[in-house]
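Enquirer: All I have is the shape, not the residue letters:
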């Protein structure tokens, strides 16, 4: 048994909402947390140079904004006091303002939803942030090309 947590979440939401709900369900079923695997597809912003880092950041902020525009995901934003951003993003999506939506994702918001750092920092940051909460992370990389994605994965594998 297990679950893949939706990518549009934060460590705080996982710790304060998702895990307690899972624990209640497991208790009701007479199971322990060790009987249940959690996987989380984490947004990652990284790059081996300025250009690839900016491309990665831009793609991830657009993805966060896209998810943030969905009314069902408002509780995650509200957990951090950003509930009104959901309404703004939703209205912008209806007007097709996709690039502008991504620019509404501040560094503070980005840091909550994504692991941000150099390729050398990412493995440590993933473990530090999510190691106590989930059993497996699925790092999602937003790069402009498959070649850049492969290069980043090879660099991370070497760590």
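Expert: Looks like it came in fine. Here the structure is a predicted model, which is why all the values come from computation and not from measurement.

Enquirer: roughly how far is the single longest helix found in the chain from the heart of the chain?
Expert: In the chain, taking DSSP state H as the definition, the longest helix is helix 50-68. Taking the mean of its C-alpha atoms, helix 50-68 sits 11 Å from the chain's own mean (Cα atoms, centre = their mean, to the nearest Å).

Enquirer: For that helix, name the packing helices and strands.
Expert: strand 37-45, helix 83-94, helix 98-103, helix 107-113, strand 114-116, helix 146-157 (3 or more Cβ pairs under 8 Å, 6 or more residues apart in numbering; DSSP states H and E). No exception for glycine: its C-beta is placed from N, CA and C like everyone else's.

Enquirer: next one: phi and psi at the residue of the chain positioned farthest from its centre?
Expert: In the chain, counting by Cα atoms, centre = their mean, residue 30 sits farthest out from the average C-alpha position, at 30.5 Å. Backbone geometry at residue 30, expressed as degrees, to the nearest 10, gives phi 70, psi 30.

Enquirer: In three-state terms, label the nearest residue to residue 41 once chain neighbours are set aside for me.
Expert: Distance criterion Cβ to Cβ, 6 or more residues apart in numbering; nearest residue to residue 41, sequence neighbours excluded, is residue 138 at 4.1 Å. Here residue 138 is strand, with the state taken from DSSP: H, G, I helix; E, B strand; the rest coil.

Enquirer: How much space separates residue 138 from residue 5?
Expert: Distance of residue 138 to residue 5, given as Cβ to Cβ, to the nearest Å: 10 Å.
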